[in-house]
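Student: Provided below for reference: sequence and predicted model.
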Amino acid sequence: GAGVSQSPSNKVTEKGKDVELRCDPISGHTALYWYRQSLGQGLEFLIYFQGNSAPDKSGLPSDRFSAERTGGSVSTLTIQRTQQEDSAVYLCASSHIRNYEQYFGPGTRLTVT
Amino acid sequence: AQTVTQSQPEMSVQEAETVTLSCTYDTSESDYYLFWYKQPPSRQMILVIRQEAYKQQNATENRFSVNFQKAAKSFSLKISDSQLGDAAMYFCAYRSGMNRDDKIIFGKGTRLHILP
């Protein structure tokens, strides 16, 4: 079946603009995760959804970052007033309630100029 | 808080040789999972191998095997008969076993080069 998909694949934006990143998880996966991968760094957890609710938002770096998930499926990560330090690859993953394995999407590379 | 440390930013190995990537972690939990993920230039994170902490036997997947030392909190990955397609970033990762939905904590990665 289809894996996790993310769009856009690449996004270049000017400092100060808002951006929206989309994640479409594997059908039937109730848990959805957002991670950020900065150059030369590992993956940094941002937020986790179980269904439409977000029990863990502890990784969001500032109030410029927000995320929502509707219908227990697609999720959108929004970054307002982007800064150059927001430049990174944003990865989304999903998992089924019955197991612990997370399946990752190909990521969105965000470049803030 | 749990942490994962990969002390080798880069490694190189000759094609067909064996290489071992190191990983240590810190946790006070007794129930957890450990993973090695591969990230090729395509950015797609691929699960290579996983180990449940309660299992004493080291996990093996074809040419990939781990050396899990629970007391030492060490979890190294051995790649046998290295192939050009193994060139990638490798991330060691930890996940709590307390909650099935918990986030994964990643190390900073080791970039593996395969020399022809």
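Tutor: Yep, that arrived. Numbers count the residues shown, from 1 in each chain, chains lettered A, B, ... in the order given.

Student: so, in contact with chain A or not, stretch B:20-37?
Tutor: Yes: interface with chain A: stretch B:20-37 contributes B:33, B:37 (CB under 8 Å from any CB of the partner chain). Just so you know, the C-beta spots here come from the backbone N, C-alpha and C atoms, and that holds for glycine as well.

Student: give the buried residues for that stretch.
Tutor: By 16 or more other CB atoms under 10 Å in any protein chain shown, the buried positions in stretch B:20-37 come out as B:21-25, B:27, B:32-37.

Student: show me what the worst-scoring helix or strand of chain A on mean pLDDT is packed up against.
Tutor: Lowest by mean pLDDT, DSSP states H and E among the helices and strands of chain A is strand A:53-56, with a mean of 82. With contacts defined as 3 or more CB pairs under 8 Å, 6 or more residues apart in numbering or on different chains; DSSP states H and E, the packing partners of strand A:53-56 are strand A:43-50.

Student: paired strands for the strand it packs on, with orientation please.
Tutor: If you go by DSSP bridges, strand A:43-50 pairs up with strand A:31-37 (antiparallel), strand A:53-56 (antiparallel).

Student: phi, psi of residue 7?
Tutor: This is for chain A. phi -140, psi 150 (degrees, to the nearest 10).

Student: quick check: it touching A:Thr108?
Tutor: Yes: with contact defined as CB atoms under 8 Å, A:Ser7 reaches A:Thr108; the gap is 7.2 Å.

Student: more crowded one of these two?
Tutor: Between A:Ser7 and A:Thr108, A:Thr108 has the larger neighbour count (other CB atoms under 10 Å in any protein chain shown), namely 23 against 13.

Student: pLDDT score assigned to A:Leu39?
Tutor: We have a pLDDT of 82 for A:Leu39.

Student: now for the closest residue to it other than its chain neighbours, how many residues are close by?
Tutor: Excluding the flanking residues, the one nearest A:Leu39 by CB to CB, 6 or more residues apart in numbering or on different chains is A:Ala88, at 7.4 Å. Per other CB under 10 Å, the neighbour tally for A:Ala88 reads 20.

Student: returning to that earlier point: show me what the least confident helix or strand of chain A is in contact with.
Tutor: A:47-48, A:67, A:69, B:101, B:103 (CB atoms under 8 Å, 6 or more residues apart in numbering or on different chains).

Student: which of the residues you listed tops the neighbour count?
Tutor: Within the contacts of strand A:53-56, neighbour counts (other CB under 10 Å) peak at B:Lys103, which reaches 25 neighbours.

Student: tell me the contacts of the closest residue to that residue other than its chain neighbours?
Tutor: Spatial nearest neighbour of B:Lys103, chain neighbours left out: A:Phe45 (4.3 Å); criterion: CB to CB, 6+ apart. Residues in contact with A:Phe45 (CB under 8 Å, 6+ apart) are A:33-35, A:58-59, B:103-105.

Student: go with 10 Å
Tutor: If you count contacts by CB atoms under 10 Å, 6 or more residues apart in numbering or on different chains, A:Phe45 has them with A:33-36, A:56, A:58-60, B:102-106.

Student: and the spatially most central residue of chain B, which of the three is it?
Tutor: Nearest to the mean C-alpha position of chain B, by CA atoms, centre = their mean, lies B:Trp36 at 2.9 Å. The local conformation at B:Trp36, judged by DSSP: H, G, I helix; E, B strand; the rest coil, is strand.

Student: give me the pLDDT for the residue lying closest to B:Arg43 once chain neighbours are set aside.
Tutor: Distances taken as CB to CB, 6+ apart place A:Gly107 nearest to B:Arg43, at 4.6 Å, with adjacent residues excluded. pLDDT recorded at A:Gly107 is 95.
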